[in-house]
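Colleague: Build me a structure from this.
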Amino acid sequence: MTGFTIHTIETAPQSAQPILLNAKKTMGSIPNLIATLAESPQLLKAYTELHQLFTETSFDKEELTVVWQTINVEHECHYCVPAHTLIAHSMKVDPVVIEALRNNDELPTPKLQALKDFTLSLTRKRGNVSEEELQAFYQAGYEHKQVLEIILGLSQKVISNYVNRVAKTPVDPMFQKFSWTK
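Modeller: Numbering: from 1, shown residues only. Predicted coordinates for the structure are as follows:
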């Protein structure tokens, strides 16, 4: 037991309460990750704002999912892989893409595979990618903008993946049917 609190609206610091209320309104309940992040209203705000900003990038729903799940799987996040599986299904992402990402298999298109490969390299090498890796990413049809947008998505995922690992965040019932282990 790590001792991290899974907050309710009533137990959360006052400045975190509006975000928890919004989560309950939009999702029907407060996911355990959001409830755990509420301990630090600043981190909760950063996470939710990064999430919103990342969804506003040039990536489509499949590309967003590729970035999120590639990082989640690489970080072995017991919470985020199932959560983003449900999110991907709700976004109507191709189930072949969803399962390939969860199982670390080849993706169905060369462009999505290039996105996965570059995201994985960026994550593993902490940004120290080679010129060859950049060129392969650009040749797949991406630009400098998407390199920066992956870094935005990675920033969001570092928050959630690391918090879930440290806090041992329990997987919510709504995500449990998509439970995952490496």
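Colleague: Distance from the chain centre to stretch 54-65, please.
Modeller: Chain-centre distance of stretch 54-65: 11 Å, with C-alpha atoms, centre = their mean, to the nearest Å.
Colleague: Could you pull up the mean pLDDT of it?
Modeller: Computed over stretch 54-65, the mean pLDDT rounds to 98.
Colleague: and it, how far apart are its ends?
Modeller: 11 Å (C-alpha to C-alpha, to the nearest Å).
Colleague: Pull the residues that contact it.
Modeller: For stretch 54-65, the external contacting residues (C-beta atoms under 8 Å, 6 or more residues apart in numbering) are 67, 84, 87-88, 91-94, 97-98, 101, 112, 115, 145-146, 149, 152-153, 156. (C-beta placed from N, C-alpha, C; glycine too.)
Colleague: same check, this time on stretch 139-159
Modeller: With C-beta under 8 Å, 6+ apart, stretch 139-159 has contacts from 37, 43, 46-47, 50-51, 53-54, 57-59, 64, 67-68, 71-72, 75, 77, 80, 110-111, 114-115, 118-119, 122-123, 127, 134, 137.
Colleague: again, but for stretch 104-112
Modeller: Applying C-beta under 8 Å, 6+ apart, the external contacts of stretch 104-112 come out as 62-63, 66, 73, 94, 96-97, 99-101, 113, 116, 140-141.
Colleague: mind listing what's buried in the longest helix seen in the chain?
Modeller: The longest helix of the chain (DSSP state H) is helix 144-167. In terms of neighbour count (16 or more other C-beta atoms under 10 Å), helix 144-167 has its buried residues at 146-147, 149-150, 152-154, 156-157, 159-161, 163-164, 167.
Colleague: I'd like the average pLDDT over that helix.
Modeller: 98.
Colleague: what's the following helix or strand after that helix?
Modeller: Per DSSP states H and E, the first helix or strand lying C-terminal to helix 144-167 is helix 173-176.
Colleague: Let's see that next one as PDB, backbone CA atoms only.
Modeller: Extracted in PDB, the C-alpha atoms of helix 173-176 (Å, rounded to 0.1, in the frame of the first residue of the first chain):
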ATOM      1  CA  PRO A 173     -14.200  -1.100 -13.200                       C
ATOM      2  CA  MET A 174     -15.000   0.500 -16.500                       C
ATOM      3  CA  PHE A 175     -11.400  -0.300 -17.700                       C
ATOM      4  CA  GLN A 176     -11.000  -3.700 -16.200                       C
END
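Colleague: list the buried ones in it?
Modeller: Across helix 173-176, burial judged by 16+ other C-beta under 10 Å covers F175.
Colleague: roughly how far apart are the residue most central in space within the chain and L86?
Modeller: The residue lying closest to the centre of the chain (C-alpha atoms, centre = their mean) is W68, at 4.0 Å. As defined by C-beta to C-beta, to the nearest Å, W68 lies at a distance of 12 Å from L86.
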